[in-house]
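Asks: Sequence and predicted model, in that order:
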Amino acid sequence: MIYAGSFSKLLFPSLRLAYAVLPPALADPFAAALSLTARHLSLLPQAVLHDFVVEGHYARHLRRMRSAYGERAAALQDAIARRLYGRLAVLPITCGLDTPAFLAAGSDDAQVAREAAAAGLETRPLSAYRVDATPPSGLVLGFAAFDRAQIDAGVAALAPVLDRGRSATGRPTTRTAVPG
């Protein structure tokens, strides 16, 4: 098993440092490939990151961000439950920086995403992630970059978009089908 990640989202995008945790048998082949593909990496950002981790700043940052993102996820779930009950459903958010939100069965999530964009809301339709099978209709909602008031305002702005939405049969989207 290989575990790979990046510090770009955890710290800041311009850091451009990633890592891979490898089984011992793959360490030498990966090191050889890296020496061929990344010959001119600056050592200064790596040294600074090393000190940041060793001195405990990284662990402290992760704890602070985990708490902040947890509060923002809870704010999103609360705002959706209060303002969009029956029109949009989210499963419990246990990780990540955004979450799928499910529309009523038969809703056109691409159309809802376009209407949300026209209302100043950035979201992505779940159907954009489809390869072959028909996914449930829904949106991807981000919450990590917003405080509670911004989340509440965003959900409030989404309410009229969902009220205008129609299912494929022309009926209002008043029920929510959450996949099992």
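Replies: Done, it's in.
Asks: For the residue nearest to Tyr129 when sequence neighbours are not counted, give its distance to Arg83.
Replies: Leaving aside its chain neighbours, Tyr129 sits nearest to Pro135 (6.8 Å; criterion: Cβ to Cβ, 6 or more residues apart in numbering). For glycine as for every other residue, the C-beta is placed from the backbone atoms N, C-alpha and C. Look at Pro135 and Arg83: by Cβ to Cβ, to the nearest Å, they are 24 Å apart.
Asks: what pLDDT does Arg171 get?
Replies: At Arg171, the model reports a pLDDT of 42.
Asks: my bad, should have said Ala59
Replies: pLDDT for Ala59: 95.
Asks: which residues does it contact?
Replies: Going by Cβ atoms under 8 Å, 6 or more residues apart in numbering, Ala59 touches Val53.
Asks: That one should be in a strand, yeah?
Replies: No - the assignment for Ala59, made by DSSP: H, G, I helix; E, B strand; the rest coil, is helix rather than a strand.
Asks: Would you map the helices across the protein?
Replies: Using DSSP state H, the helices found in the chain span residues 24-37, 43-54, 57-83, 109-118, 148-164.
Asks: contacting residues around the most centrally placed residue in the chain?
Replies: Of all residues in the chain, the one closest to the mean position by Cα atoms, centre = their mean is Asp98, 2.7 Å from it. Asp98 sits next to 140-144 when contact means Cβ under 8 Å, 6+ apart.
Asks: In a markdown table: the residues you listed, plus distance to Gly5.
Replies: Shown next, in a markdown table, are the contacts of Asp98 (distance: Cβ to Cβ, whole Å):
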| residue | distance to Gly5 |
| --- | --- |
| Val140 | 21 |
| Leu141 | 23 |
| Gly142 | 19 |
| Phe143 | 21 |
| Ala144 | 16 |
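Asks: picking up where we left off before, please tell me how far the residue nearest to the centre of the chain sits from Val90.
Replies: 11 Å.
Asks: sorry, back to before: who wins for most neighbours among the contacts of Asp98?
Replies: Neighbour counts for these (other Cβ atoms under 10 Å) peak at Phe143, which has 25 neighbours.
Asks: what sits against it?
Replies: 69, 72-73, 75-76, 93, 97-99, 151.
Asks: Can you tell me which of those are buried?
Replies: By neighbour count, with 16 or more other Cβ atoms under 10 Å, those hold 69, 72-73, 75-76, 93, 98-99, 151 as buried.
Asks: from these, which two are the most distant?
Replies: Greatest spatial distance among those (Cβ to Cβ): Ala75 and Asp98, at 13.5 Å.
Asks: now the residue nearest to the centre of the chain, nearest residue through space, not along the chain?
Replies: Gly142 (4.0 Å).
Asks: shared neighbours of Asp98 and Val90, which are they?
Replies: Counting by Cβ under 8 Å, 6+ apart, the contacts common to Asp98 and Val90 are Leu141.
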